[in-house]
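S.K.: Requesting a structural model of the entry that follows:
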Amino acid sequence: MVISLRKWLGSAIYAIIFIVLAYVMYQMLGLLDEYVFTLDKYRVPEGSAVKAFQTDNEFGSRLEEMSDRLKLFLWYGE
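M.R.: Numbering: from 1, shown residues only. This next block holds a predicted model:
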């Protein structure tokens, strides 16, 4: 079996070019993601918007709320 150095170098060059182009494409998609989705997901709502959750310091009411959620979950079967 004859191993051709020229074929190995050609294949290695194609592999290196592919890896470099894949990395460049990955970086470009990352920049596009930052450009398109610049909104902060966790910012305070503005205007008449309200947050969809509450934070309570009372442990008892939290347990009741969790049990109510579990009952509703089991009731509706979702």
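S.K.: so residue 49, which of the three states?
M.R.: Judged by DSSP: H, G, I helix; E, B strand; the rest coil, the three-state class of residue 49 is coil.
S.K.: Tell me, how many residues neighbour it?
M.R.: Residue 49: 8 surrounding residues under other Cβ atoms under 10 Å. For every residue, glycine as well, the C-beta is placed using N, CA and C.
S.K.: Also residue 65?
M.R.: Residue 65: 13 neighbours (other Cβ under 10 Å).
S.K.: pLDDT wise, what is it at?
M.R.: On pLDDT, residue 65 comes in at 76.
S.K.: Same question for residue 38.
M.R.: Value for residue 38, per-residue pLDDT: 76.
S.K.: And for the one 3 residues further on?
M.R.: What the model reports for residue 41 is a pLDDT of 72.
S.K.: which SS class is it?
M.R.: Relying on three-state DSSP, one would call residue 41 coil.
S.K.: Kindly provide the distance from it to residue 48.
M.R.: 19 Å (Cβ to Cβ, to the nearest Å).
S.K.: How about residue 65?
M.R.: 24 Å.
S.K.: Find the centremost residue of this structure, please.
M.R.: residue 33 (11.1 Å; Cα atoms, centre = their mean).
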